[in-house]
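In: take this sequence and fold it.
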Amino acid sequence: MLLSCAPWPSWAQSPEAATVVGAGQVVASGTVPDEATRVAILTRLREVYGSDRVVDQLALGPVVAPPQWSQYVHRLLGPQLKQVRHGQLVVQGQTVELKGEVPNELVRQEVVSQLATSLNPTYTVRNGLRVAVREQEVVDKTLANRIIEFEPGSAVLRPEGALILDELAKALLTLGERRVEVIGHTDAQGSRASNVALSLARAQAVKSYLVGRGLDNERIATSGMGPDQPVADNLTEQGRARNRRIEFRVGS
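Out: Sure, this is the predicted structure:
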């Protein structure tokens, strides 16, 4: 899940703070107005997800927050968010938008209701949650947390990566006309522009491989996120290896 928490900006700039949640990790990054806010957000995340899963990448900057903004963000970062997969919670001033997948309609309504009741009437909550498709589980089980590997700095698949895609192609062929988005991610080394380009090239290479294994070209979309959605700390080699990944999302 990507949780973007942005106070009102000062006249000089428009920074933002983000918390990325995924693959067992919670990475808090971006800009917050003061040390107390930074500590409050990190403390709350550690309460909800566990200290060993939270990575601190928050910075301080000249931003202006609405009254009691930190307290309201604290309320939003509750256990209910653990029910959301592939999600994004954006808090922009007094507007809250939640996207992602939940297991059923009842959970969808409950999560948004809990968010709304934790805020005062000056906040607006936009519900972008959707009920997860069962087919996503087929893809996730086939991948089994394995990483599609490429040659260093290129979009050339390694043999190990191709073998995983062979298995995945068979699984995807069982999903009928479901669309699939292939999303490339990189670590944070090098320039952001080059990493975004590389992540897209790798996603397109995966699409080409799957099409070559019998999937309909029109069923597969591609995108490249570069280093913007890490699932681990980029300060370690192990973390960077986890961030260099291909993600598959099943749609309608």
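
In: neighbouring contacts of the longest helix belonging to the chain?
Out: With secondary structure taken from DSSP state H, the chain has its longest helix at helix 192-212. Here helix 192-212 makes contact (Cβ atoms under 8 Å, 6 or more residues apart in numbering) with 148, 150, 153-157, 162, 165, 168-169, 172, 182-189, 217, 220, 222-228, 246. Where you see a C-beta, it was placed from the backbone N, CA and C, and this is true even at glycine.

In: just those: which are in helices?
Out: Going by DSSP H, the helices hold 162, 165, 168, 169, 172 from these.

In: distance from the chain centre to stretch 73-84, please.
Out: Here the centre of stretch 73-84 is set off from its chain's centre by 15 Å, with Cα atoms, centre = their mean, to the nearest Å.

In: distance between the ends of it?
Out: Separation of the first and last residues of stretch 73-84 by Cα to Cα, to the nearest Å is 17 Å.

In: pretty sure residue 45 contacts residue 28?
Out: Yes. Between residue 45 and residue 28 there is a contact at 6.2 Å, judged by Cβ atoms under 8 Å.

In: quick one: buried residues of the helix or strand hosting residue 98?
Out: Here residue 98 sits within strand 95-102, counting by DSSP states H and E. Within strand 95-102, the residues that count as buried by 16 or more other Cβ atoms under 10 Å are 96, 98, 99, 100, 101, 102.

In: CSV for those residues, including pLDDT?
Out: Conversion of these to CSV gives the following (pLDDT from 0 to 100):
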residue, pLDDT
96, 86
98, 87
99, 84
100, 82
101, 81
102, 82
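
In: re the thing from before, how far off centre is the strand holding residue 98?
Out: Centroid separation for strand 95-102 versus its chain: 12 Å, with Cα atoms, centre = their mean.
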